[in-house]
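Chemist: What follows is a predicted protein model with its sequence.
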Amino acid sequence: MNDNDNYMDDPRAKTVEGFIVALKIFAKYMEEGEKKAFFCGAARDELFIYADGPLESSEDGVLLTALGFHFDEDAECWSYFT
C-alpha cells in the first residue's frame, strides 16, 4: 500500500470536524495532552505540526493521512494544506 493511498479518503477530510479529530490525535503524543501548547508553523497555504509521533504507518498516522495531512520528510513534521 502506498502511503498516500488513503489521502483525504475520510469524509471528514478538510472539515472543521476532521481538523479537530487530527488535533486530538496530535495531543495524544504530547506530554500534557490537550493542555500543552504544541509547536506549529505556517507558510502561505500550509500548516506544519511538529509532534513526537504518530508514525505514518501507525493507525493514527493512517487516519491523519485520510483526514488530509501528510508527513513531510524534509521538515520532519506533519503538513496540512489549507
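Modeler: Thanks, I have the structure now. Numbering: from 1, shown residues only.
Chemist: Could you check the pLDDT of the closest residue in space to E34 that isn't next to it in sequence?
Modeler: Nearest residue to E34 in three dimensions, chain neighbours excluded: A27, at 4.5 Å (Cβ to Cβ, 6 or more residues apart in numbering). Heads up, the C-betas are built off the backbone N, CA and C, glycines and all. Each residue has a pLDDT score; the one for A27 is 86.
Chemist: which SSE is A27 in?
Modeler: Secondary structure assignment for A27, by DSSP states H and E: helix 16-28.
Chemist: Tell me the buried residues in that helix?
Modeler: Buried residues in helix 16-28, counting neighbours by 16 or more other Cβ atoms under 10 Å, are found at 18-19, 21-22, 25-26.
Chemist: Over to stretch 58-74?
Modeler: Taking 16+ other Cβ under 10 Å as the neighbour-count basis, stretch 58-74 is seen to contain the buried residues 60-71.
Chemist: Mind picking out the helix or strand in the protein with the poorest mean pLDDT?
Modeler: Lowest on mean pLDDT, DSSP states H and E among the helices and strands of the chain sits strand 39-43, with a mean of 84.
Chemist: The next helix-or-strand element following that one to strand 39-43, inter-axis angle?
Modeler: The helix or strand immediately downstream of strand 39-43 is strand 46-50, counting by DSSP H and E. For strand 46-50 against strand 39-43, the angle between stretch directions is 160 degrees (axes from the mean of the first three to the mean of the last three Cα atoms, to 10 degrees).
Chemist: helices or strands up against strand 46-50?
Modeler: strand 39-43, strand 77-81 (3 or more Cβ pairs under 8 Å, 6 or more residues apart in numbering; DSSP states H and E).
Chemist: got a list of what E76 touches?
Modeler: Going by Cβ atoms under 8 Å, 6 or more residues apart in numbering, E76 touches Y50.
Chemist: Can you report phi and psi for it?
Modeler: Its backbone dihedrals place E76 at phi 50, psi 50, with angles given as degrees, to the nearest 10.
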